[in-house]
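Mind looking at a prediction? Sequence and model below.
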Amino acid sequence: MARYTGPKTKIARKFKEPIFGPDKALEKKNYPPGQHGQAAKRAKKSEYAVQLQEKQKVKYTYGILERQFALVFDRASRAKGITGEVLLQLIEARLDNVVYRMGLAPSRAAARQLVSHRHINVNGKTVNIPSYTLKPGDQVSVRERSKNLESIAGSISSHSSYSWIEFNAGTLSGKFISYPERTQIPENIKEQLIVELYSK
């Protein structure tokens with residue numbers, strides 16, 4: 001399956017959560033999409049359906065394809081610690097996500113584009129792979145020739161700070177300090193449902 005490029009509001013309504021950020025349309029129509037809308041009598045979801053939906057929500061939130069997600073889960077299941085938490089930590093350590101968290105891009109999709117267009121350096125070397133997994137201590141910076149990009153300047157003004165990421169807005173550089181604790185990750189995700197899905 002290719003990466004989804006359709007209306008984001010439609011997906012957000014499907015999960016009844018603003019997974020792509022604030023959405024006025026979602027606030028007005030906080031019910032699933034479809035011609036029947038609010039009036040539809042929806043059958044109770046099976047356990048499998050609930051688990052699958054949680055996995056799909058994570059994939060859409062972070063912009064990860066099915067095969068990539070399966071590989072990350074496999075890696076998390078073989079690592080020490082609680083599988084669900086390790087899974088989210090590995091996803092949070094992706095370069096595109098860290099670029100987004102630093103405030104260099106307004107969305108994860110925009111962050112992926114910055115990385116793939118070779119605007120981002122890791123430890124002084126250009127990396128154009130959005131799924132590149134950072135290690136604690138890795139330095140992330142905007143390439144010198146890309147520091148005047150309007151998209152970056154516009155995004156920096158509204159960026160939030162995270163305790164596991166160090167960022168200097170003056171130099172447009174930062175450091176991935178450590179993997180975040182589960183309580184530090186703001187996304188509303190029930191990772192245990194995903195673990196149960198893969199353990200079937």
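Thanks, I have the structure now.

In contact with Ser141, which residues?
Contacts for Ser141 (C-beta atoms under 8 Å, 6 or more residues apart in numbering) come out as Ile120, Asn121, Gly124, Thr171, Leu172, Ser173, Gly174. (C-beta placed from N, C-alpha, C; glycine too.)

helix or strand for Gly174, which one?
Taking DSSP states H and E as the definition, Gly174 sits inside strand 173-176.

what helices or strands is that strand leaning on?
Here strand 173-176 touches strand 139-142, strand 165-168, going by 3 or more C-beta pairs under 8 Å, 6 or more residues apart in numbering; DSSP states H and E.

Counting by contacts, list what the next helix or strand after the first one packs against.
What it means is strand 139-142. Counting by DSSP H and E, the element after strand 139-142 in chain order, helix or strand, is helix 150-156. If contacts are counted by 3+ C-beta pairs under 8 Å, 6+ apart, helix 150-156 sits against helix 108-116.

Using CSV, list the CA coordinates for the helix it packs on.
C-alpha atoms of helix 108-116 as CSV (Å, rounded to 0.1, in the frame of the first residue of the first chain):
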residue,chain,number,x,y,z
ARG,A,108,5.6,14.9,10.0
ALA,A,109,4.9,14.9,6.3
ALA,A,110,6.7,18.2,5.8
ALA,A,111,9.6,16.8,8.0
ARG,A,112,9.8,13.8,5.7
GLN,A,113,10.1,16.1,2.7
LEU,A,114,12.9,18.1,4.4
VAL,A,115,14.9,14.9,5.1
SER,A,116,14.3,13.3,1.7
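
which parts of that helix are buried?
For helix 108-116, a neighbour-count test (16 or more other C-beta atoms under 10 Å) marks Arg108, Ala109, Ala110, Ala111, Arg112, Gln113, Leu114, Val115 as buried.

Give me the distance between the residue nearest to the last one when sequence neighbours are not counted and Leu65.
Spelled out, it's Val115. Using C-beta to C-beta, 6 or more residues apart in numbering and skipping the chain neighbours, the partner closest in space to Val115 is Pro130 (4.6 Å). Per C-beta to C-beta, to the nearest Å, Pro130 is found 11 Å from Leu65.

Reformat the buried residues of helix 108-116 as JSON lines; add pLDDT and distance to Asn148.
As requested, the buried residues of helix 108-116 are exported to JSON lines (pLDDT from 0 to 100; distance: C-beta to C-beta, whole Å):
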{"residue": "Arg108", "pLDDT": "91", "distance to Asn148": "23"}
{"residue": "Ala109", "pLDDT": "90", "distance to Asn148": "22"}
{"residue": "Ala110", "pLDDT": "92", "distance to Asn148": "17"}
{"residue": "Ala111", "pLDDT": "94", "distance to Asn148": "18"}
{"residue": "Arg112", "pLDDT": "94", "distance to Asn148": "21"}
{"residue": "Gln113", "pLDDT": "95", "distance to Asn148": "17"}
{"residue": "Leu114", "pLDDT": "96", "distance to Asn148": "14"}
{"residue": "Val115", "pLDDT": "97", "distance to Asn148": "18"}
